[in-house]
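Novice: What shape does this take:
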Amino acid sequence: AVYVTFGEGPLRMTGCVLSTNSAVGVAGGLYIGAGYHNNDVVIRETSFLQNSGSGSGHQVYIADAAKVTFVNVYMEGCPACTGSSIHQGSTVYPEPCSNTLCSKAPFTGACSATPTSHSGLGRVCGCGNGNTIYPPELGALSTCSHWNCQAPETVGAFDCFVNCTLSTSVELSGALNISGQGANARTVITMSESATGAHFIVTNSYTLTLKYLNLTGGKGHTVGDINGGGSVYVSLGVFVASFCSFERNTAVYGGAVYISSGTLALENVLFASNTAGSGGGGGVYTSRSYVHMSDTVLKWNAANFSRGGGLHSHQDHSVTLTRTRVLENVAGKDGGGYYFGGSDAQIIDVQIVDGTIAGNTATFWGGGVWSRKSHISLARTTVRTNSASQGGGFAVQLSTMQITNVRVENNTAVHNGGGGRWSGGPAGLELHVTRCVFRGNVANRIGGHAMFVMHNASVTIQESTFHDSAGDNPDSNHEILTQASNS
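Specialist: Residues are numbered from 1 along each chain as shown. Prediction:
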């Protein structure tokens, strides 16, 4: 697959997969020649799978003089098994491979000592057809652990470098941390067609931490009359995920993730093509929890018979969304992108910063956002091309709302509030619009192309522009339409 020699500079390989390659000579995967003896070669978060060569070093051949460091590298299988996974000069390292799995496949036992004559190679952990290699600076490693779907661990910290299929849900017995191959080659964990349930179940204040994984095919965990979290179900626990994706999972509540009375922390996560039923939250459903998302995308999710095509937030303590994009989601009722539902006892504090809310659709209220009984703030955010019956861009009721440096563009409402619809209610609730642009929004029947404001509304608008709107009703061509007691 890769042949390098007579190098003039350092070589770096990160997040790669070299699979089922073959060579007439040595090293079907990677050959590093002696020309790199004065340069650093660093291989990180890379998998070598089923590569073959007719001579030594089926997976990797390293010349004696080369200096090489491996970090979180996984190797599996030599098809002929007459040579070794790694061959450095005249030294076979580790032992010739074997098809016999270890007792805890593919790893077992303690890490071997670093060979003194090949200190650049690092430490090797494992046996036979699987090896994870660490640089010496990590120090002594007492165990090397690999998580797999056939015998899944429920507590501990593990690597998971091989795609696999679960036949049943994994219910945590303590804190569980699983890391996949890397950002550019995420390990896929699938729920089998015949299985029911979520991938992971988190209870009893345990913490689930996932990184570099793609979870698909989950069908939700059922407790009583609630089926929630197509992929991950959390009750009284903590879920942390980074550089993960959740695709094509289904549940009644939370197509991919359901969390109740817990904490959700997501960074660089993708939710795509997940589906929720009557409970809502096509991508994610949260309730009475602390929710933090950054650099996360919710796209093409659906809450077919309910609210929150991307995210459904029910009486959460706080919701913070930073650089998060909610795109082209669908809700059968309200909140095509986001739904935030508070109560008199639990007013939700919602902050959306540097976000994008675009192309979402709701049947009734709030194509992009629907929020009720909340304190909601949008800053440096774009709300565009969303649609609903009322409040094409956003619909906010019984809430205080502040929008600053926000662009609300080309949203559509069948009735009123093409850009947004805000309803005050009790005295003391306020709407503040500062340095915003409302452009090209449409409300076809009642009007208020940019905004429709009603019910004891106290509205302050500063340094903002409203223009280029139109609708089907020539008698209702108002950028801002107010009704009832407003000031």
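Novice: could you give the mean pLDDT of stretch 217-235?
Specialist: Averaged across stretch 217-235, the pLDDT comes to 96.
Novice: any idea how far it is from the chain center?
Specialist: Relative to its chain's centre, stretch 217-235 lies at 18 Å (CA atoms, centre = their mean, to the nearest Å).
Novice: That stretch spans what distance, first to last residue?
Specialist: Terminal residues of stretch 217-235 lie 21 Å apart, using CA to CA, to the nearest Å.
Novice: Likewise for stretch 443-460?
Specialist: End to end - CA to CA - stretch 443-460 spans 22 Å.
Novice: Please apply the same query to stretch 458-469.
Specialist: 24 Å.
Novice: Over to stretch 303-323?
Specialist: 23 Å.
Novice: isn't residue 423 right next to residue 397, touching?
Specialist: Yes. Counting by CB atoms under 8 Å, residue 397 is a contact partner of residue 423 at 4.5 Å. (Glycine included, C-beta is placed from N, CA and C.)
Novice: Identify the residue spatially nearest to residue 384, adjacent ones excluded.
Specialist: Excluding the flanking residues, the one nearest residue 384 by CB to CB, 6 or more residues apart in numbering is residue 409, at 4.4 Å.
Novice: Residue 436 now?
Specialist: Closest to residue 436 by CB to CB, 6+ apart is residue 464, at 4.4 Å.
Novice: Give me the neighbour count for the one you found.
Specialist: By other CB atoms under 10 Å, 17 other residues sit near residue 464.
Novice: for it, what are its contacts?
Specialist: Neighbouring residues of residue 464 by CB atoms under 8 Å, 6 or more residues apart in numbering: 433, 434, 435, 436, 437, 438.
Novice: Please apply the same query to residue 288.
Specialist: 260, 261, 314, 315, 316, 317, 346.
Novice: please redo it, this time with the cut-off set to 6 Å
Specialist: 261, 315 (CB atoms under 6 Å, 6 or more residues apart in numbering).
Novice: Ends of stretch 201-212, what's the gap?
Specialist: First residue to last in stretch 201-212 (CA to CA) measures 19 Å.
Novice: hmm, who's touching it?
Specialist: 169, 171-172, 174-182, 186, 200, 221, 233-244.
Novice: Could you tell me which of those belong to strands?
Specialist: When DSSP state E defines the strands, the subset of the contacts of stretch 201-212 inside them is 171, 176-179, 200, 221, 233-235, 238-244.
Novice: on that earlier part again, the residue nearest to residue 384 - how many residues pack around it?
Specialist: Residue 409, neighbours per other CB under 10 Å, totals 19.
Novice: quick one, what contacts it?
Specialist: Per CB under 6 Å, 6+ apart, neighbours of residue 409: 384, 439, 440.
Novice: now the residues you listed in CSV, with secondary structure and distance to residue 362?
Specialist: Shown next, in CSV, are those (DSSP: H, G, I helix; E, B strand; the rest coil; distance: CB to CB, whole Å):
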residue, secondary structure, distance to residue 362
384, strand, 15
439, strand, 21
440, coil, 19
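Novice: out of those, who's nearest residue 450?
Specialist: residue 439 (8.4 Å; CB to CB).
Novice: Do I have it right that that closest one meets residue 469?
Specialist: No. In this structure residue 439 lies outside contact range of residue 469 using CB atoms under 6 Å: 7.7 Å.
Novice: which residues does the residue nearest to residue 384 form a beta bridge with?
Specialist: residue 384, residue 439 (DSSP bridges).
Novice: Likewise for residue 228?
Specialist: Bridge pairing for residue 228 - DSSP bridges - gives residue 221, residue 253.
Novice: Tell me how far it lies from residue 301.
Specialist: Counting by CB to CB, to the nearest Å, the separation of residue 228 from residue 301 is 15 Å.
Novice: These two: who's more crowded?
Specialist: residue 301 (33 against 27).
Novice: What's the per-residue pLDDT of that one here?
Specialist: On the pLDDT scale, residue 301 gets 98.
Novice: Likewise for residue 150?
Specialist: pLDDT, read off for residue 150, is 81.
Novice: That concludes my questions; thank you for your assistance.
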